[in-house]
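Asks: Sequence and predicted structure are below.
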Amino acid sequence: HGKPEVLCQECAKAKAEGKPLPVLKVGTAKVCREPLPTVRLASAMLADKIGIQTALVTEETHAHRLVANAETAYDANHYADITPRVSGFIREVKVDLGRVVKQGELLAVIDSTEVSGAKTQYLSAAASLKLAQATAERTQSLTRSGAVAGKAELEVMTALNQAQASMMDAEQKLRNLGFGDPELSEIQKAKDTKNLLNVLAPIEGTVVTRHAVEGVAVQPTTQLFAIADTSRMWVWVDVYESDIQKVKPGQAVSFAISGGNPDEGFSTLGQVTWIGAEVNEQTRTARVRAEVQNVSGKLRANQFGEATIQIGAEHKAVVVPKEAVQRKDKVDVVFIPEGNGVYRPQRVTTKPTDRTDVLEVTWGLKPGQKVVSKGAFLLKTEIMKGAIGAGCCE
């Protein structure tokens, strides 16, 4: 390895036990894990003078999380735009903004000649069908008795088929306008040809948009209302492409609006339901959709905030203050006090946490140990060649 094995404690131990020598890849070369030099201050009192402080290595329950910018939207699976489907004028408006409506509740009444024309066509088709059926039955009876030729029966059956097709066409036009079986039966019973169309709520929810005004002319595609179930919302999360592989459907998500009062604890919980299949060319982010609960109603569509996605299961984690971890030769290092101004550097492996003040140590430390927190950077300079501040060591 380019160094005497006696200088590498791990290699020496492996050789004594007859095991393969451990190596650490650095680029394309393999080198020993050489022990770092111990830092020895001139005196124990010097540590207080230069401000060295220690912190306890602790263990806590932790889960890795990913934080990203996000924006709220209505749940499109529980949202509906309401249009009249016909041209006409608004006769009545029955609901206002903020009204909670049930499915099938009357929202508005439209005055339209298209409705009366469709009803008239339906009644006419029904009468024609009834007459064609009666004629067909009578002709079939006469044909069986030999009173009329078979050609006459064929002509009558053709007329019956045409009447049935006309009836189906007229019925479908009314169904397209929202008329159901009870309404169709009532039209036939009452011979109703009124030009009024009831606009009904297709889903249960809150009226979040209203453009309907009495007397205003409308077209089939004019938006009259929008209804949304605001007890749940969608959150669109912008995740950087480098992190997108960590996100999976079903992962827990929390969302908090920007500028929210932390004392109110305003956040809402949900889970990831969909992960985008493309990356934005400008922002290099992929869109992730989460569904969150909004029972309190505090969330509103188009709000900006931060989403936190839990990308790992909860586990016991060894954590140290972030300032205690220093970087040397592409490896994380902490300093363990051994008394009388002696500090032993210890290589560690770390992971970020959802807290900004601590790091998770996955290898190299145990709970209950002490590490240098404030002043760790100064100790790092003492084990570097040409370090600034040399002279504190013996």
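Replies: Sure, I can see it. Numbering: from 1, shown residues only.

Asks: Just give the closest residue to V372, not the sequence neighbours.
Replies: Leaving aside its chain neighbours, V372 sits nearest to F335 (4.2 Å; criterion: C-beta to C-beta, 6 or more residues apart in numbering). The C-beta positions use only the backbone N, C-alpha and C, and glycine is treated the same way.

Asks: So what touches whichever strand or helix holds the one you found?
Replies: In this structure, F335 sits in strand 331-339 according to DSSP states H and E. Contacts of strand 331-339 with the rest of the structure, by C-beta atoms under 8 Å, 6 or more residues apart in numbering, involve 36, 38-39, 44, 54, 320, 324-327, 343-350, 361, 364-365, 369-372, 376, 379-380.

Asks: quick one: average confidence on the helix or strand just after that strand?
Replies: Using DSSP H and E, the helix or strand that directly follows strand 331-339 along the chain is strand 342-352. Here strand 342-352 scores 89 as its mean pLDDT.

Asks: Helices - which of the contacts of strand 331-339 land there?
Replies: Using DSSP state H to define helices, the subset of those located there is A44, A376, L379, K380.

Asks: contacting residues around the second one?
Replies: In other words, A376. If you count contacts by C-beta under 8 Å, 6+ apart, then A376 has E323, A324, V325, Q326, V334, F335 around it.

Asks: now the fourth one: how far from V348?
Replies: Counting by C-beta to C-beta, to the nearest Å, the separation of Q326 from V348 is 10 Å.

Asks: do the first one as well
Replies: Noted for E323: a distance of 14 Å to V348, by C-beta to C-beta.

Asks: quick one: which of these two has more around it?
Replies: A side-by-side neighbour count of E323 and V348, using other C-beta atoms under 10 Å, places V348 first with 21 against 17.

Asks: Low-confidence ranges, the stretch 251-394 of the chain, go.
Replies: Low-confidence regions of the stretch 251-394 of the chain, defined here as pLDDT under 70, cover residues 259-267, 385-394.

Asks: Heading C-terminal from the helix ranked longest in the chain, find the next helix or strand.
Replies: When the chain is parsed with DSSP H, its longest helix is helix 113-145. Per DSSP H and E, helix 113-145 leads on to helix 150-176 as the next helix or strand towards the C-terminus.

Asks: Quick check, central residue of the protein?
Replies: In the chain, the residue lying closest to the centroid (C-alpha atoms, centre = their mean) is A290, at 1.5 Å.

Asks: In the strand or helix carrying it, which residues are buried?
Replies: Taking DSSP H and E as the definition, one finds A290 inside strand 285-293. Judged by neighbour count using 16 or more other C-beta atoms under 10 Å, the buried positions of strand 285-293 are T285, A286, R287, V288, R289, A290, E291, V292.

Asks: And for stretch 76-83?
Replies: If you call a residue buried by 16+ other C-beta under 10 Å, then stretch 76-83 has these buried ones: H78, Y79, A80, I82.

Asks: Please state the mean pLDDT value computed over that stretch.
Replies: Confidence for stretch 76-83, expressed as mean pLDDT, is 96.

Asks: how far is that stretch from where the chain is centred?
Replies: 19 Å (C-alpha atoms, centre = their mean, to the nearest Å).

Asks: Ok, stretch 62-75 next?
Replies: A distance of 7 Å separates the C-alpha centroid of stretch 62-75 from that of its chain, computed with C-alpha atoms, centre = their mean.

Asks: what do you get for stretch 280-291?
Replies: Worked out by C-alpha atoms, centre = their mean, stretch 280-291 lies 11 Å from the chain centre.

Asks: Return it as CSV; C-alpha atoms alone will do.
Replies: These are the backbone C-alpha positions of stretch 280-291, laid out as CSV (Å, rounded to 0.1, in the frame of the first residue of the first chain):
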residue,chain,number,x,y,z
ASN,A,280,-38.5,20.2,-16.3
GLU,A,281,-35.9,21.4,-18.7
GLN,A,282,-35.4,24.8,-16.9
THR,A,283,-35.6,23.8,-13.2
ARG,A,284,-34.3,20.2,-13.5
THR,A,285,-37.1,19.1,-11.1
ALA,A,286,-39.7,16.4,-11.4
ARG,A,287,-43.3,16.9,-10.2
VAL,A,288,-44.5,14.6,-7.4
ARG,A,289,-48.2,14.6,-6.4
ALA,A,290,-49.2,14.1,-2.8
GLU,A,291,-52.7,14.0,-1.3
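
Asks: Check what contacts it and list those residues.
Replies: Counting by C-beta under 8 Å, 6+ apart, the neighbours of stretch 280-291 from elsewhere in the structure are 68, 70, 75, 232-241, 244, 247, 253, 255, 270-276, 278-279, 307, 309.

Asks: rerun at 7 Å
Replies: Residues outside stretch 280-291 that contact it (C-beta atoms under 7 Å, 6 or more residues apart in numbering): 75, 232, 234-241, 244, 247, 253, 270-276, 278-279, 307.

Asks: likewise stretch 161-171?
Replies: With C-beta under 7 Å, 6+ apart as the criterion, stretch 161-171 contacts Q121, Y122, A125, A126, S128, L129, A132, L184.
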